[in-house]
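**Student:** coords below, sequence missing:
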């Protein structure tokens, strides 16, 4: 374990270890870990292709972003403190909820909270407007890969169309969660933290953690009887082996 990671390659190596461990344990945290690994590899490729305004800075930010997840994951495994949002996610690792809920729990903690913290703190004194274009480019990569993964999930969750239908055609939704809102939340948090003192930053992070933890609770157990019934039905017919799920996500 090399925490904190210093390069994207070190991040990828750590994520591979987490994926292997969670797959061997049939632990549903492996789903988010795999999708996050794909995202990190995609960002590495974008940096190599010089798609960002400042590619060296982007690697520093991506590593800082990843270290927040790696620190939380290994901290939880070693019975150390981590944020309430991550604790809720990690505690749900063996719960009988849908695959998409397991994925959204990880996204909720890492994008809604960690991304903003990483953007504000990886380079103290950095002007946030100077970072905005590259930040939004990362967000687009996250969005594209999330949509791709959701499409691939139909291979192991063949009733997932029910959730999609309910979200588009009724008032029943898992939660009021979307990548657009997550990106906005992350950027707003980054801007608040970048202009704060250390004490103000600590208070803002703690307050955000409580909000995101509450959202995690709603992802696990959303309001609405009809939606709860639909999620139970979807979960019942889903693939239960994490190894198979990850293998199917890898397929083109």
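**Tutor:** Now that the structure is in, tell me what you want to look at. The model shown is predicted, which means the values in this text are computed figures rather than measured ones.
**Student:** any idea how far residue 251 lies from residue 157?
**Tutor:** Using C-beta to C-beta, to the nearest Å, residue 251 is found at 14 Å from residue 157. For every residue, glycine as well, the C-beta is placed using N, CA and C.
**Student:** try residue 164
**Tutor:** Per C-beta to C-beta, residue 164 is found 11 Å from residue 157.
**Student:** again with residue 61
**Tutor:** 33 Å.
**Student:** Same check on residue 183?
**Tutor:** With C-beta to C-beta as the criterion, residue 183 and residue 157 are 25 Å apart.
**Student:** swap in residue 232?
**Tutor:** Residue 232 is 13 Å from residue 157, where distance means C-beta to C-beta.
**Student:** higher neighbour count, the two?
**Tutor:** residue 157 (22 against 12; other C-beta atoms under 10 Å).
**Student:** Helices of the stretch 1-150 of the chain, residue ranges please.
**Tutor:** Secondary structure of the stretch 1-150 of the chain (DSSP state H, counting those that start in this stretch): helices at 8-24, 29-48, 55-77, 84-91, 99-109, 115-121, 128-152.
**Student:** and residue 215, which of those helices is closest to it?
**Tutor:** Evaluated with C-beta to C-beta, the helices of the stretch 1-150 of the chain place helix 99-109 nearest to residue 215, the distance being 5.7 Å.
**Student:** What mean pLDDT does that closest one get?
**Tutor:** For helix 99-109, mean pLDDT is 91.
**Student:** now for it, which elements pack on it?
**Tutor:** helix 29-48, helix 84-91, helix 128-152, helix 198-220 (3 or more C-beta pairs under 8 Å, 6 or more residues apart in numbering; DSSP states H and E).
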